[in-house]
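S.K.: Mind looking at a prediction? Sequence and model below.
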Amino acid sequence: MQKILNSTKLLLVTVLLLALPVTTSAAVVDQQKISGGVDYEYKQETVSQNPQAIRVLTTNLNDPYTKVDVGIPNPLNRLARVTAQANAYTGPGQQVAGAINGSFFSGDLLPMYLISYRNKLVNAGIIASGKDQYVNEPLAFGIDANGKAKIDTYNLDLAYTHNGITTEITSTNKQRTNDNTILFTPIFPGGTTKTNPFGMEVVISGVPGAVDLEFGETLTGTVSHIRPYGTDEVTKIPADGFVLSAHGTAMEDLKKMNIGDPVTINTGIDQMWMGASFMLTSGPMLVKDGNVGLSMDPNSSKARERAPRTAIAIDKTGTKVWMVTVDGRQSGYSTGMSLNEFAQYLKSMGAYRALNLDGGGSTAMAVRKPGDTNVSLFNKPSDGTERAVSTVLYALSTAPKGNAQYITAELSKAGVYLKGTKGSVKTGNVMDQYYNPLTTDAKAFSISSALVTPSGMNFTAAKAGKGTIDVKYGTAIKAIPFEVVENVTKIEPSEASATIRMNAKKDFSVNAYDAQNRKIIFDSSLIKWGVSGAIGTISASGQFTATNKEAKGAVTATLGGKTVSIPVTVSGTTVQLDSMDSITNWTASAAEGTASIAKNSTKEIPYEGSGALKLQYNFLNKTGTSAAYINAAKTISTGDVPVQIGMRLYGDASNSWVRGKIVDGKGTEHTINFTEENGLKWKGWNFVKADIPTGVTAPVKLEQIYIAQPSGTTKTAGTILIDDVKAIYTDSYKEALFKDTGLTFRAEKEIADLVNKGVIGGYQDGKFGPYQELTRLQGAILLARALDLPTTNVQDPGFSDMPAGINFYEEVAAVANAGIIKGKDGGAKFDPSGKLTRAEMAAILQRGFKLPLSDTNYFSDIKGSFAYDAINSLAKNDITQGIGKGKFGPAQYITRVDFSVFLYRTLNK
């Protein structure tokens, strides 16, 4: 009884959760009329406190020139992008106005579920049995015989008849499994069944006419060949017939067939689907009869995951079709929805029924831009690029070519114009009354207005006032709102201040405003430029050339009797963007994980100044691409375009990817890389630089720095510190790796290489301690990392002073088990704090890297040393030259710098 009560409670909770409204706030980003019966809308919404990018194609089937169709791969295992399939489908009398990806496909690239086209079965597919699966019942979207959209169940009747006995066929054109029968038809890719010997196959040929599985019709042929069980024969599919392939108990009826026997294939479907233009099976059902109605377990992982989604929805009349996508897995732009959230959203749109389609990286929406013939990708796929898919759904326009009615035109510069200022009108496309693009003649365009003096498509603002500029092409007219003013009320610089490197050039500009504080379009030749202070010179066009030494001053601009001053700093090779002494300008966000920021603690010493930003993240148990971001509340401008952006980074050896985002002067976003993917291998401070892409325009603004762990990588939790972020203006700029080494330090290159590989690191205070003597424990740790020895489930070597559970026990056990470092006192102890001698160093390097021995003795002071052979091996392999005067110094303790040099040379042999 208690179990029944608990189940009832669980069901009630599930129902209540499904019934909860999804709180949304929405902003329409884009709306377009694509054809007479197809409209596009893009909304940026907040759903359940997550940002969502939702795109909808609304198709009106009452429009006589509007249809919905399906794109089917040919051959069946051919994948192609939605845009490619749509543009290939477009032709005379059938323009694709918009398209979305269709249903699911399997690992062998074949469609997974039923497809019919023009009342003919193309693919029977399968239906999953578990409620945790997307397609667990036969549900299809299609256009019925009356031209109405339909989402409903179906019953496929597929069977063969032999000697009066009818036997069910499991599916078509797929590999058979236990106890089932598969029908292979001529459309199966490759021409053969490609099956294993553990089944029986019967070839039926001689079917008159086309071998199409038309609903309500039969196909009859005769047995022409039988492949018995257990043979490796390749069964060819006849062009005028088919192959029945069976396994297990399903073979019994095939065994009764003989050469020459007639066999009939029967193909049937529910009456409501007879004569349908097409059917496409997918799932689960999202909305049923106006209510949320998931046909799969809403608590399953697939249903709960917030992911990119695609759906097809219809109204009650079957005359309105919505094609809907929501992007996902992109922090700050679109998270993606659970299936319950998606269903709630579709219900709120007015959907009577809605069916889920393939999603994730397959989600794609392609739309024809006004005036274009082909479609373009409109959404942002989660993989960063459009994925090739199997089936596609099209919103079509079949309208004929008409007369010019719509013109795309705009001012080259939009805004209020100052009298006397020159401008121009840009024309785009011309469309007819059905929104079909028309071929145009540029000379046939003209403009007219009482406010301007026209000259072709150019003009001069001639009279103050409000009105329009009318663009004409044949009988089509586009009226562009236009206004002219006579006076300037104030001017402001485009940048409040500027930092410019020595000898660099920079173009300055100002904005002018009228009495209503509206920005004015004006001719730049009207500005008078000047400089104050010995900072450089400026031309009449506003191009500033900095002096060859550091200085401070100002650039002045005068327009219409108004003057503005712009503070200018001329700097050297770098400009600090943020010292990180304060972190008030930064906020944290995350995707597929959590993130938080704080100022460094007293134990976490900044590399420079009084503070550093600490970013803590947790990506554990996440499957998608995880990222933890620090976002600049106020973007940080570099002024001129730098070569690189650099910063001090305290790493956590998490094999993460450290990246950033900048925005250039055109508003274009660029991703920059401070490390390679999986490149954060070190623990401690390091100096990292990110190259600025070519073609970037000033001013460059730093918006974001983040740490990422892509999908498929090991997910971790950790902490990094960021300090001294700067813009770098020369390719040759370098910084010392550590405070106590320096660019001219004898082993800077070798230490840097080991740091970046995660073999060795510096200390919290930014120092390396090059002349500290290395302990046996430190040597074991470095060798374990350098050799990438496995440190999980290691066998206990039995050292009493390095018991299991103590820090670095795993590394010591790994090198000991590998025979690289041996214990002391007969193997009873390891002596972790004991100093490592140069002789011991030679022995462990030779053992660890299996360096070839030498017959030659290179040093006068190693006779009798236990490491005699190992030392000579290092000399032979150019890893050591000794300490001078023919000596090696075997009893001397090895320092961190010398060990780093020897290890670097060994790794790079």
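M.R.: Good, I have the coordinates. Residues are numbered from 1 along each chain as shown.

S.K.: quick one: contacts for the residue nearest to Phe859 when sequence neighbours are not counted?
M.R.: Spatial nearest neighbour of Phe859, excluding adjacent residues (CB to CB, 6 or more residues apart in numbering): Phe888 at 4.1 Å. C-betas here are computed from N, CA, C, even on glycine. Going by CB atoms under 8 Å, 6 or more residues apart in numbering, Phe888 touches 838-839, 842, 858-859, 861-862, 871, 875, 880, 882.

S.K.: before we move on, what about Glu41?
M.R.: Going by CB under 8 Å, 6+ apart, Glu41 touches 28, 30-31, 55-56, 58.

S.K.: which of these are buried?
M.R.: With burial judged by 16 or more other CB atoms under 10 Å, the buried subset of these is 55-56, 58.

S.K.: which of the residues you listed lies closest to Phe544?
M.R.: Phe544 lies nearest to Arg55 out of the buried ones among the contacts of Glu41, by CB to CB, at 44.4 Å.

S.K.: What's opposite that closest one in the beta bridge?
M.R.: Taking DSSP bridges as the rule, Arg55 bridges to Tyr42, Thr325.

S.K.: and Leu244, what helix or strand is that in?
M.R.: Element membership for Leu244 (DSSP states H and E) is strand 242-246.

S.K.: ok, then the element right after the lowest-mean-pLDDT helix or strand in the chain?
M.R.: Least confident helix or strand of the chain, by mean pLDDT, DSSP states H and E, is helix 2-19 with a mean of 41. Using DSSP H and E, the next helix or strand after helix 2-19 towards the C-terminus is strand 24-35.

S.K.: Surely Glu168 touches Ala159?
M.R.: Yes: at 5.1 Å, Glu168 counts as touching Ala159 under the criterion of CB atoms under 8 Å.

S.K.: Between the two, which has more neighbouring residues?
M.R.: Ranked by neighbour count (other CB atoms under 10 Å), Glu168 and Ala159 place Ala159 first, with 16 against 13.

S.K.: Model confidence at the more buried one, what's the number?
M.R.: Listed pLDDT for Ala159 reads 98.

S.K.: Now do the SS call for it.
M.R.: Following DSSP: H, G, I helix; E, B strand; the rest coil, we place Ala159 in the strand state.

S.K.: In contact with it, which residues?
M.R.: Counting by CB under 8 Å, 6+ apart, Ala159 touches 166-169, 265-266.

S.K.: could you dump stretch 583-595 to PDB, C-alpha only?
M.R.: Output of stretch 583-595 as PDB, limited to C-alpha atoms (Å, rounded to 0.1, in the frame of the first residue of the first chain):
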ATOM      1  CA  ILE A 583      38.200  43.600  -8.800                       C
ATOM      2  CA  THR A 584      35.100  45.800  -8.700                       C
ATOM      3  CA  ASN A 585      35.000  46.000 -12.500                       C
ATOM      4  CA  TRP A 586      34.600  42.200 -12.800                       C
ATOM      5  CA  THR A 587      31.800  39.700 -12.400                       C
ATOM      6  CA  ALA A 588      31.600  35.900 -12.700                       C
ATOM      7  CA  SER A 589      29.400  33.600 -14.800                       C
ATOM      8  CA  ALA A 590      29.600  30.000 -15.900                       C
ATOM      9  CA  ALA A 591      28.300  27.500 -18.400                       C
ATOM     10  CA  GLU A 592      28.000  23.800 -17.500                       C
ATOM     11  CA  GLY A 593      29.400  24.500 -14.000                       C
ATOM     12  CA  THR A 594      29.700  27.200 -11.400                       C
ATOM     13  CA  ALA A 595      32.100  30.200 -11.000                       C
END
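
S.K.: in stretch 425-439, what counts as buried?
M.R.: In terms of neighbour count (16+ other CB under 10 Å), stretch 425-439 has its buried residues at 425, 427, 429-432, 434-438.

S.K.: so which of those would you say is closest to Ser448?
M.R.: Looking across these and measuring by CB to CB, the closest to Ser448 is Val425, at 10.8 Å.

S.K.: excluding its backbone neighbours, what's nearest that closest one?
M.R.: In space, and not counting its chain neighbours, Val425 is closest to Met457: 5.0 Å by CB to CB, 6+ apart.

S.K.: again, but for Val663
M.R.: Per CB to CB, 6+ apart, closest to Val663 is Lys701, 4.9 Å.

S.K.: repeat for Met285
M.R.: Of all residues not flanking Met285 in the chain, Ser295 sits nearest, at 4.1 Å (CB to CB, 6+ apart).
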